[in-house]
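A.B. asks: coords please:
(2 chains)
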Amino acid sequence: MTDAHDQAARHDPVYDDLAARPEFAELRSRYRGFVIPATVAFLAWYALYVLMSMFAHDFMSIKVVGNINIALVFGLLQFLTTFALAYVYSRYSNSRLDPLAAQLADSYYDGTNGRER
Amino acid sequence: MEGHQILTTTLFLGVVALTVGITIWASRNSSGAADHYAGGRGFSGFQNGLAIGGDYMSAASFLGISGAIALSGYDGFLYSIGFLVAWLVALLLVAEVLRNSGRYTMADQLAYRMRQKPVRMAAATSTVVVSIFYLLAQMVGAGALVALLLGVSSEGLKNLTIFFVGALMIFYVTVGGMKGTTWVQIVKAVLLMAGSALIVVLVLAKFGFNLSELLGTAAQNSGKGGAFLEPGLKYGVSTTSKIDFISLGIALVLGTAGLPHILIRFYTTPTSRDARKSVLWAIGLIGVFYLFTLILGFGAAALLDKDAYAEVAASGGNLASPLLAEAVGGGPGSTGGAVLLAVIAAVAFATILAVVAGLTLTSSVSVAHDLYNSVFRNGQATEAEEIRVSRIAAGVIGLIAIVLAIPAQKLNIAFLVALAFAVAASANLPAIIYNMFWRRFNTRGALWSIYGGLISSVGLVIFSPIVSGKGVDAVTGKNLSLLPTSIDISWFPLENPGIVSIPLGFLLGYLGTITSKEPSAEERYTELEVRALTGAGAEQASKH
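C.D. replies: Modelled structure (predicted):
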């Protein structure tokens, strides 16, 4: 291979040390433990909305107040849940992810003798 | 020239002067690749959030979605919801990870652990294709808008506008780079939000801020009655059209996080935390904006008179917002109407200019950084060479977009953008997600998913009713497909390819991976993951 600048060719062992630390395992499981279920949930919620819009026409057309029907309320609820999940994730990552990540990143910069800074 | 045309022209020139001024100002304190490609990574979360909004709230949203709602009622609103929910994918799975593991382009994150040349080639190809689809949408919007304002429907003038927009965008990108482009986005986002908020308030005021009454009037004036407010008017007519909509819905929700011009925005912040904050700002801004388009669309249906509504229909919906502005300002011929029409048209024009600049920048950076430097020069090109190539690439891509935009003018803008989303979701998203969450993922998997998703999504459109075989409109006798009616190569029944091409992209990524072994990619996964989650070793902001 003439790929002189191939990324895979220059492996930095400091990352293996970081990956082996319990803090990293904890960070990883907290991250995945939040984003994977959350993604499944909001995609399912969105899919329900799309499918009902197409296949539950009569239900969606029921009027709630005046000319405002269930379809419109459901659509606006999608806005609300998007805002809410974004807010919850930001709270979660501020309190549960960022401190661990910062701790690991600090020891990276200490361990590499300030190479990047 | 009549009075209102002078006003309109002045406002348009004002927008042009403002954006050109910003670009020149930005170019004076911009040096090196990190500045040209990533704005020096010096934008705060809030600034970048505005810029993301600027990139995302395109003419397709402002003109296209409000137009779709004006014509198809509730079904137009379905677009907005997919476009917004999609941001959760970007927030949770993509933004921070990408900021920490890449430098300038989408390909960086893949190249981190894979064979550079082939993955960069693939990623650059899909970046350029997606961006060109998106560019077409914006330029078509520009042509329609200017023709409306100058009261001329001459093809020559529309084409001239498209050419002019293309020339300007090449200027922004080659001169201002990412720094200039980001400031243009920020200014545009503020103008767009303010302009739409004004019209929304005026529309709501006409109905005593009673949403129900607005909806009722819209339903009545649309001539479609209650069905106008219910889902299914456009997509519910047959099982095929329902599946077509589901296909669209999938592409919308999964496409955003694969759009190259959105992805490279995450590199303009100093840290991944700021990248996250910028997405949060963007979600708030974009959410409110889509609520505005809901009012604009129904407002247009409710308030436009028969002639204006027919004009909206003839434009594929694209003129709903500007004509609505004229109507709430006092109607055609009134001073208020002329002023508001000019203001909203200038805002839409600023929107178009900003978005085309973002798109051109993205594809030119990918051509220079991924194709030229890594593939052709083995990573040996100097920064100055790379930047020079990116400027040339911006010119070439701009010209291609100009040439293609001319025949694309009869398509609805929102639809063209939806296609770009389908391609992005099929070609880019599978590779990005697998790369972060699947240790085993490797070069072959990446190539198969990118090329497979790209070829299948574009290919299915070529054989769809969009391109041929739709026949002529029973009422107007207008050809509904792009090709002449004598040619029919269609066999794919849907207009939106996503339902097939997105799963195919994921499947091919899986198959490519399990049929090949690449130990180095698996080893480097640890490094990628540590870096992505902690930010250790991530690119730092450049210091000035």
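
A.B. asks: Would you mind stating the distance between residue B:475 and chain A?
C.D. replies: Using Cβ to the nearest Cβ, to the nearest Å, residue B:475 is found at 25 Å from chain A. Backbone N, C-alpha and C define where each C-beta goes, glycine included.

A.B. asks: helix/strand/coil for that residue?
C.D. replies: Judged by DSSP: H, G, I helix; E, B strand; the rest coil, the three-state class of residue B:475 is coil.

A.B. asks: Near it, how many other residues are there?
C.D. replies: Residue B:475 has 6 neighbouring residues, counting by other Cβ atoms under 10 Å in any protein chain shown.

A.B. asks: what about the helix or strand hosting residue B:417, near chain A?
C.D. replies: Assigned by DSSP states H and E, residue B:417 belongs to helix B:413-423. No - judged by Cβ under 8 Å from any Cβ of the partner chain, helix B:413-423 stays clear of chain A, getting no closer than 13.9 Å.

A.B. asks: Dump that helix to CSV, restricted to CA.
C.D. replies: Below are the C-alpha coordinates for helix B:413-423, written out as CSV (Å, rounded to 0.1, in the frame of the first residue of the first chain):
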residue,chain,number,x,y,z
ILE,B,413,-38.9,23.3,-4.7
ALA,B,414,-39.9,21.3,-1.6
PHE,B,415,-39.9,18.2,-3.8
LEU,B,416,-36.4,18.8,-5.1
VAL,B,417,-35.2,19.2,-1.6
ALA,B,418,-36.9,16.1,-0.5
LEU,B,419,-34.9,14.3,-3.2
ALA,B,420,-31.7,15.6,-1.7
PHE,B,421,-32.8,14.3,1.7
ALA,B,422,-33.5,10.9,0.2
VAL,B,423,-30.1,10.7,-1.3
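
A.B. asks: which residues does the spatially most central residue of chain A contact?
C.D. replies: Central residue of chain A (Cα atoms, centre = their mean): residue A:35, 4.1 Å from the mean position. Residues in contact with residue A:35 (Cβ atoms under 8 Å, 6 or more residues apart in numbering or on different chains) are A:89, B:92-93.

A.B. asks: 10 Å instead, please
C.D. replies: Shown in contact with residue A:35 (Cβ atoms under 10 Å, 6 or more residues apart in numbering or on different chains): A:89, A:92-93, B:88-89, B:91-93, B:97, B:437.

A.B. asks: Now for the residue of chain B found nearest chain A, which secondary structure element holds it?
C.D. replies: Of all residues in chain B, residue B:212 sits closest to chain A, at 3.0 Å by Cβ to the nearest Cβ. Using DSSP H and E, residue B:212 falls within helix B:211-222.

A.B. asks: So the residue of chain B closest to chain A is in contact with residue A:68, correct?
C.D. replies: Yes - with contact defined as Cβ atoms under 10 Å, residue B:212 reaches residue A:68; the gap is 5.5 Å.

A.B. asks: Any stretches of chain A with poor pLDDT?
C.D. replies: A:1-11, A:111-117 (pLDDT under 70).

A.B. asks: so how far is residue B:222 from the residue in chain A that chain B sits nearest to?
C.D. replies: As assessed by Cβ to the nearest Cβ, chain B sits closest to residue A:66 within chain A, at 3.0 Å. Noted for residue A:66: a distance of 17 Å to residue B:222, by Cβ to Cβ, to the nearest Å.

A.B. asks: Also residue B:529?
C.D. replies: Taken as Cβ to Cβ, the span from residue B:529 to residue B:222 is 52 Å.

A.B. asks: hang on, the earlier thing: A helix includes the residue nearest to the centre of chain A, no?
C.D. replies: Yes - with three-state DSSP as the criterion, residue A:35 is located in a helix.

A.B. asks: Chain A: strands as residue ranges?
C.D. replies: A:63-65, A:68-69 (DSSP state E).

A.B. asks: In chain B, where's the longest helix?
C.D. replies: helix B:116-149 (DSSP state H).

A.B. asks: helices and strands around the helix or strand just after that one, which ones?
C.D. replies: Next helix or strand after helix B:116-149 toward the C-terminus (DSSP H and E): helix B:155-171. Helices and strands touching helix B:155-171, as assessed by 3 or more Cβ pairs under 10 Å, 6 or more residues apart in numbering or on different chains; DSSP states H and E, comprise helix B:3-28, helix B:116-149, helix B:177-206, helix B:335-366, helix B:383-405.

A.B. asks: I'd like the average pLDDT over helix B:155-171.
C.D. replies: For helix B:155-171, the mean pLDDT works out to 83.

A.B. asks: tell me the angle of that helix relative to helix B:3-28?
C.D. replies: Orientation of helix B:155-171 against helix B:3-28 (axes from the mean of the first three to the mean of the last three Cα atoms, to 10 degrees) gives an angle of 20 degrees.

A.B. asks: Go through helix B:155-171 and flag the buried ones.
C.D. replies: Buried residues in helix B:155-171, defined by neighbour count with 16 or more other Cβ atoms under 10 Å in any protein chain shown: B:158, B:161-163, B:165-166, B:168-171.

A.B. asks: Good, we can wrap up now.
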